[in-house]
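In: need a 3D model of the sequence below.
(chains A, B, C and D)
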2 protein chains.
Amino acid sequence: MTIKVIIVDDQAMVRAGFAALLAAQSDIDVVGEAPDGREGVEVSRRAHPDVVLMDVRMPEMDGLEAARQLLDPPRGVTHRPKVLMLTTFDVDDYVYEALRAGASGFLLKDAPPADLISAVRVVAAGEALLAPSVTRRLIADFARQRPAPRRDGPALRRSGLTPRETEVLELIARGLSNQEIAESLVLAEQTVKTHIGRVLAKLGLRDRAQAVIFAYESGLVTPGQ
Amino acid sequence: MTIKVIIVDDQAMVRAGFAALLAAQSDIDVVGEAPDGREGVEVSRRAHPDVVLMDVRMPEMDGLEAARQLLDPPRGVTHRPKVLMLTTFDVDDYVYEALRAGASGFLLKDAPPADLISAVRVVAAGEALLAPSVTRRLIADFARQRPAPRRDGPALRRSGLTPRETEVLELIARGLSNQEIAESLVLAEQTVKTHIGRVLAKLGLRDRAQAVIFAYESGLVTPGQ
DNA sequence: CATACGATGAGCCGCATGGGTGATGTGCTG
DNA sequence: CAGCACATCACCCATGCGGCTCATCGTATG
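Out: As a prediction, the model looks like this:
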């Protein structure tokens, strides 16, 4: 079973190059080409490729929008190809948008030709593949985003809050009133008020609503769970 | 400049195989081996490799803990190698923990030998590389985690808030006072209070602090930007 | 031992906030 | 046209909350 591929890129020479490279493989068939996103979507709907090689920057409709349309097809369209994004420069936004859209891979055009060929095979097999530099960013992002519930943003660490004050802040961010916080911590309400006063002063906040915002923005508490 | 590599794996035969494979490359030197995580860390501290090939499952200290120690070294230790994790099975938890720890790559042992070699080069160059199946999971996780600011959680949609009320809620979640909201929307403060009263009633909340919490939890506002 | 810091608590004050009720105007819909 | 949802605003009231000052006590830290 050969892998059916279409190539969407606004530069005819690039299309020709890729087509020649891929068509030379016995297990890959180039079944279509298109010079922009809009035509790319049309060609894909007609040719039903397994893999769409999609340039990011194109006139008419860019590769990101085209990828979105192919990967989230309207009712009635059942064909859903794998999309392998290609770009000359690796700009973060492109990468993230493409991955969000559901692209199966993201390669730089300066990658070795062998990489492109193996990428097509990998993507056709339902797996995914990224350029090493993109992988590094994604990992860095992943590690930064959830370094195991981290409990303290930089802002929080440098705020000078004492442990007790931090504890009170968290309860504020859970929606408790002063009285409830007092009960929860077995304190007089007045003590809670003192703590809160210091928290607001140290963080430069006006009221508990802003304290809740700070708690979320700093990572003290996290949406979900 | 050759790439210095050490191999940490509890199976002697695997170590020998990888060592032979890598040593055959003119740009790669195998400068050490270890049969478990603990010794692996020691060997790494002594041999200062550029890249550590680290098996996940090992006696004494597993590869994840060893990776953590290498990538977050104690004071005084300045050497910080790249870590390339290897495993026979690709278990999610391993992958995520390894990436959190700061590993530069994650390969399955059944990958083609050429992949391992190129992976070492990629990682040594400061980039990252993952097995295609791992990449697919990471992308899926990424896409699921942030499917573009979604703007409305189910709770929000079914809350029955009018557009104006939603608008006011968002400003509350930005930390504005009633007076500031009034100015921002060009309203009398009393009108703002009316809106807020309805918001709190409809959502079953007590005060604006809880409203802020709701806004974050429902996705109306999002931490960061 | 002196000092500093954190936790606890009291008292007082003023205002923003939230609850309740009611009124007006507008636009959509049956 | 009647009815309804929505947005707008007024008046009143009780109080939760935040600001400010001051005091006690324990524990580090020098």
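
In: now whichever strand or helix holds residue A:121: buried residues?
Out: Taking DSSP states H and E as the criterion, the element that holds residue A:121 is helix A:113-124. Going by neighbour count (16 or more other Cβ atoms under 10 Å in any protein chain shown), the buried part of helix A:113-124 is A:115, A:116, A:117, A:118, A:119, A:120, A:121, A:122, A:123, A:124. C-betas here are computed from N, CA, C, even on glycine.

In: tell me if it is near chain B.
Out: Yes - using Cβ under 8 Å from any Cβ of the partner chain, helix A:113-124 reaches chain B at residue A:122.

In: name the strands paired with the helix or strand following that helix and say parallel or antiparallel.
Out: On the C-terminal side of helix A:113-124, the nearest following helix or strand under DSSP H and E is strand A:129-130. Note on strand A:129-130: by DSSP bridges, its sheet partners are strand A:105-108 (parallel).

In: before we move on, back to that, just name the closest of the buried residues of helix A:113-124 to DNA strand C, please.
Out: residue A:123 (46.9 Å; Cβ to the nearest atom of the strand).

In: and which of the buried residues of helix A:113-124 is nearest residue A:28?
Out: residue A:120 (6.2 Å; Cβ to Cβ).

In: show me what contacts the closest one?
Out: Residues near residue A:120 by Cβ atoms under 8 Å, 6 or more residues apart in numbering or on different chains: A:3, A:5, A:22, A:28, A:51, A:53, A:84.

In: now do the helix or strand the second one falls within against helix A:113-124, angle only.
Out: When secondary structure is defined using DSSP H and E, the element that contains residue A:5 is strand A:3-8. With axes from the mean of the first three to the mean of the last three Cα atoms, to 10 degrees applied, the angle from strand A:3-8 to helix A:113-124 works out at 110 degrees.

In: buried sites along strand A:3-8?
Out: A:3, A:4, A:5, A:6, A:7, A:8.

In: likewise for stretch A:7-23?
Out: Neighbour count says stretch A:7-23 has A:7, A:8, A:9, A:10, A:14, A:15, A:18, A:19, A:21, A:22 buried, by 16+ other Cβ under 10 Å.

In: these in strands, which ones?
Out: A:7, A:8 (DSSP state E).

In: now do the spatially most central residue of chain A, the pLDDT please.
Out: Centre of chain A computed as the mean C-alpha position; nearest residue by Cα atoms, centre = their mean is residue A:96, 4.0 Å away. Looking at residue A:96, its pLDDT reads 79.

In: check which helix or strand it maps to.
Out: Assigned by DSSP H and E, residue A:96 belongs to helix A:92-101.

In: flag every buried residue along that helix.
Out: A:94, A:95, A:96, A:97, A:98, A:99, A:100, A:101.

In: which of those residues lies closest to residue B:194?
Out: residue A:100 (39.0 Å).

In: show me what contacts residue A:102?
Out: A:67, A:68, A:71, A:72, A:83, B:143.

In: quick one on the thing from earlier: tell me which two in the contacts of residue A:120 are the farthest apart.
Out: Maximum pairwise distance among those (Cβ to Cβ): 12.3 Å, between A:28 and A:84.

In: of the two, who's got more company?
Out: Legend: neighbour count by other Cβ atoms under 10 Å in any protein chain shown for residue A:28 and residue A:84, higher for residue A:84 (25 against 20).

In: and the pLDDT for the nearest residue to the more buried one once chain neighbours are set aside?
Out: Spatially, and ignoring its direct neighbours in sequence, residue A:84 is nearest to residue A:105 (4.4 Å; Cβ to Cβ, 6 or more residues apart in numbering or on different chains). Here the pLDDT value assigned to residue A:105 is 89.

In: ok, now the one 3 residues further on?
Out: With respect to pLDDT, residue A:108 scores 86.

In: mind listing what's buried in the helix or strand hosting residue A:168?
Out: Assigned by DSSP H and E, residue A:168 belongs to helix A:163-172. For helix A:163-172, a neighbour-count test (16+ other Cβ under 10 Å) marks A:165, A:166, A:168, A:169, A:171, A:172 as buried.

In: I'd say the second one and residue A:221 touch.
Out: What that stands for is residue A:166. No - contact between residue A:166 and residue A:221 fails when scored by Cβ atoms under 8 Å: they sit 11.1 Å apart.

In: circling back to that earlier point, show me what the helix holding residue A:96 packs onto, helices and strands only.
Out: helix A:63-71, strand A:82-87, strand A:105-108, helix A:132-145, helix B:132-145 (3 or more Cβ pairs under 8 Å, 6 or more residues apart in numbering or on different chains; DSSP states H and E).

In: per-residue pLDDT of residue A:225, please?
Out: pLDDT at residue A:225 comes out at 55.

In: let me fix that, I meant to ask about residue A:132.
Out: Taking residue A:132 on its own, its pLDDT is 84.

In: which residue is the nearest non-sequential neighbour of it?
Out: residue B:127 (3.4 Å).

In: report the contact partners of the one you found.
Out: Residue B:127 neighbours (Cβ under 8 Å, 6+ apart): A:132, A:133, A:135, A:136, B:104.

In: residue A:136 against residue B:103, yeah?
Out: No - checked against Cβ under 8 Å, the pair residue A:136 and residue B:103 is beyond contact range at 11.1 Å.

In: those two: who's more crowded?
Out: residue B:103 (28 against 20).

In: tell me which of the buried residues of helix A:163-172 is nearest to residue A:63?
Out: So of the buried residues of helix A:163-172, ranked by how close each gets to residue A:63 (Cβ to Cβ), first place is residue A:169, at 45.0 Å.

In: rewinding a little: can you tell me which two in the contacts of residue B:127 are farthest apart?
Out: A:133 and B:104 (11.9 Å).

In: where does pLDDT dip in chain A?
Out: Applying pLDDT under 70 to chain A flags the ranges A:75-76, A:90-93, A:143-160, A:225.

In: centroid-wise, who is the farthest residue in it?
Out: Ranked by distance from the centre of chain A (Cα atoms, centre = their mean), the top residue is residue A:188, with 46.5 Å.

In: quick one: the residue nearest to that one when sequence neighbours are not counted from residue A:168, how far?
Out: Closest residue to residue A:188 apart from its sequence neighbours, by Cβ to Cβ, 6+ apart: residue A:182 at 6.3 Å. Counting by Cβ to Cβ, to the nearest Å, the gap from residue A:182 to residue A:168 is 10 Å.

In: apart from its neighbours in sequence, what residue is nearest residue A:98?
Out: residue A:85 (4.6 Å).
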